[in-house]
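> Let me see the structure of the following:
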Amino acid sequence: MPDPVFAKIVCTKCGFEMPAPGYACPRCQGGLAKVCGHCDFKNAVAKNYCDRCGTPMSLAAAADSPAADAAPEGLPQTAVRRIGPGAPPAPLHIVPPPPGLSIPAAQRRAPGAPAPVPEGQYIPPPPPTEANLSRLRRRDARRSMLFWGPVTALLTALWFFYYDYQRPMNALPRAAARYLGALSSGNIQGAYDMLSLEARAHCSLDEFRSWREDTPWTWSDIRLARLEPEAAVVRYTLKIQGQAPKDDFLIFLREEGDWVRPYNWNLLQRAEESFSRNDPDMALILAQEAVRIDPRDPMARGYLCEAVYYRKVPAETERECAHALELSRLYPSKLSLKSLYHLHAILGDTYKNSLRKYPEAVGQYNAMLAFPDLAQSDQCDLFLARADTRIAMGASAEAAADLQAAAGVCVKPEDLGYIRKKQSDLPAH
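Modelled structure (predicted):
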């Protein structure tokens with residue numbers, strides 16, 4: 001066994017050398033360590049050998065007590081020495097802490113607890129327990145909540161703001177105000193940019209500018225009147241200089257996420273001119289383009305109804321005219337009562353003379369007779385047409401009533417003669 005080396009007790013905090021082992025440094029209350037005289041490694045005070053080099057350590061120098069360290073005669077240096085009963089080992093002298101001073105927590109150790117780790121020696125940490133893992137998970141969850149909670153709240157608020165901003169009931173009045181504001185202020189380019197792609201393909205900027213009114217006008221009281229997934233009607237109050245305020249409207253379509261104007265007024269005006277020139281073929285082409293731009297426009301569909309009527313296509317006439325009348329009940333338009341009356345007349349004539357759908361024809365005549373302020377001549381024509389239709393249906397009693405009503409409003413001699421002839425042809429009741 002190697003000879004013990006001299007070791008000394010020093011304070012790990014202030015370096016004070018202790019004369020004997022103790023619980024703490026009397027100067028600074030710092031921890032104590034036993035310093036190896038061979039390699040200067042700081043060991044625990046209770047250690048009798050160095051944890052680094054393995055050399056035995058003694059608090060007294062080997063030269064000071066040769067008799068105690070020398071092996072008995074006849075025994076090798078490596079033999080285990082036995083202490084006789086007459087020479088018991090001196091008890092370890094421990095310097096107690098000063099009165100009122102507690103033992104430092106670093107040096108207190110409960111019975112059965114592991115020995116303190118020597119300074120400078122690495123001891124791997126024990127594996128985490130399930131309780132520690134649970135605590136770590138809760139800590140990470142709290143940290144994650146502290147970060148992601150505000151972030152999620154901010155993103156949610158931004159999403160709700162964007163959603164509310166893009167809601168049709170908010171976006172449509174803004175679009176209408178932008179369009180009307182551009183027109184009323186003379187910003188034709190700004191208004192033209194809000195037209196649909198199909199509308200701009202059939203109307204140049206110069207043509208769009210040519211249809212604008214020069215009379216100053218203002219607008220107010222924008223309100224959403226009708227909303228569909230892909231279309232909407234916005235109403236507003238129009239005030240033209242020198243005229244009384246009136247209610248007007250705009251139709252918008254959704255196109256690529258934006259609300260745009262399906263402008264087709266230029267095509268409808270050109271279709272009207274084609275009818276005036278007795279060119280129903282060109283009117284048909286223009287009306288079809290107008291319907292393609294705005295399928296919900298009753299006026300565009302009405303022009304198409306009249307164009308196919310002149311082309312003598314009964315089935316298509318029935319479809320387009322009925323559709324135009326249905327749209328006029330759903331959407332506002334520039335169609336006057338006279339125009340609507342004309343659509344009913346086309347449809348009634350088609351049912352009576354081309355399709356032989358007599359009950360449907362009677363329904364159209366009934367609708368026309370309900371129009372306000374009908375001229376006496378119009379009433380005469382309607383009673384005669386309905387009487388002829390009922391005769392074709394075999395409804396003699398109803399036909400006789402229509403002939404009697406016609407006799408009360410017709411004034412032309414030819415009409416009165418026609419009434420007398422039809423009355424005489426009816427079977428007697």
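> Buried residues, the one helix or strand residue 259 maps to. List them.
Here residue 259 sits within strand 258-260, counting by DSSP states H and E. Using 16 or more other CB atoms under 10 Å as the test for burial, strand 258-260 gives 259-260. Every C-beta, even on glycine, is put in place using the N, C-alpha and C of the backbone.
> which residues are contacting it?
Residues external to strand 258-260 that are found in contact with it (CB atoms under 8 Å, 6 or more residues apart in numbering): 168, 171-172, 175, 194-197, 199, 232, 252-254.
> Let me have the residues you listed in TSV, extended by secondary structure.
Output for the contacts of strand 258-260, formatted as TSV (DSSP: H, G, I helix; E, B strand; the rest coil):
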residue	secondary structure
168	helix
171	helix
172	helix
175	helix
194	coil
195	strand
196	coil
197	helix
199	helix
232	strand
252	strand
253	strand
254	strand
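> Could you identify the buried members of those residues?
In the contacts of strand 258-260, burial by neighbour count holds for 168, 171-172, 175, 194-196, 199, 232, 252-254, counting by 16+ other CB under 10 Å.
> can you list contacts of stretch 222-237?
By CB under 8 Å, 6+ apart, stretch 222-237 touches 168-169, 172-173, 176-177, 180, 219-221, 245-254, 259, 296, 330-332.
> Only alpha carbons, please: show that stretch as CSV.
Listed next in CSV are the C-alpha coordinates belonging to stretch 222-237 (Å, rounded to 0.1, in the frame of the first residue of the first chain):
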residue,chain,number,x,y,z
ILE,A,222,-77.0,52.9,-50.5
ARG,A,223,-78.7,49.7,-49.2
LEU,A,224,-78.5,46.0,-50.1
ALA,A,225,-81.9,45.0,-51.6
ARG,A,226,-81.2,41.4,-52.7
LEU,A,227,-78.3,39.0,-52.1
GLU,A,228,-77.5,35.7,-53.8
PRO,A,229,-74.3,33.6,-53.7
GLU,A,230,-73.1,35.0,-57.1
ALA,A,231,-75.3,38.2,-57.6
ALA,A,232,-76.8,41.1,-55.7
VAL,A,233,-79.0,44.1,-56.1
VAL,A,234,-78.1,47.4,-54.5
ARG,A,235,-80.5,50.3,-54.3
TYR,A,236,-79.7,53.9,-53.8
THR,A,237,-81.3,57.4,-54.1
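> in that stretch, what's buried?
In stretch 222-237, counting by 16+ other CB under 10 Å, buried: 222, 224, 231-236.
> between these, which is closest to residue 283?
residue 231 (25.3 Å; CB to CB).
> The closest one and residue 273, how far apart?
According to CB to CB, to the nearest Å, residue 231 stands 28 Å off from residue 273.
> same question, residue 143
Plainly put, residue 143 is 75 Å away from residue 273 if you go by CB to CB.
> Show residues contacting stretch 191-198.
Stretch 191-198 is touched from outside by 175, 178-179, 182-183, 200, 203, 205, 208-209, 253, 255, 260-263, 292-293, with contacts defined as CB under 8 Å, 6+ apart.
> Restricted to helices, list the contacts of stretch 222-237.
Using DSSP state H, the members of those that fall in helices are 168-169, 172-173, 176-177, 180, 330.
> which of those tops the neighbour count?
With neighbours taken as other CB atoms under 10 Å, the top of the ones in helices among the contacts of stretch 222-237 is residue 176, carrying 24 neighbours.
> for the residue lying closest to it once chain neighbours are set aside, which residues make a bridge with it?
Counting by CB to CB, 6 or more residues apart in numbering, the nearest residue to residue 176 once its immediate chain neighbours are dropped is residue 234, at 4.4 Å. Each beta-bridge partner of residue 234 is listed here: residue 224, residue 250, as defined by DSSP bridges.
> Give me the pLDDT for residue 234.
Residue 234 carries a pLDDT score of 97 in this model.
> just for the stretch 51-200 of the chain, where's the confidence low?
The stretch 51-200 of the chain contains residues with pLDDT under 70 at 60-126, 128, 147-149, 151-166.
> same thing but 80
59-137, 139-167 (pLDDT under 80).
> what do you get for the stretch 251-400 of the chain?
For the stretch 251-400 of the chain (pLDDT under 80), the answer is none.
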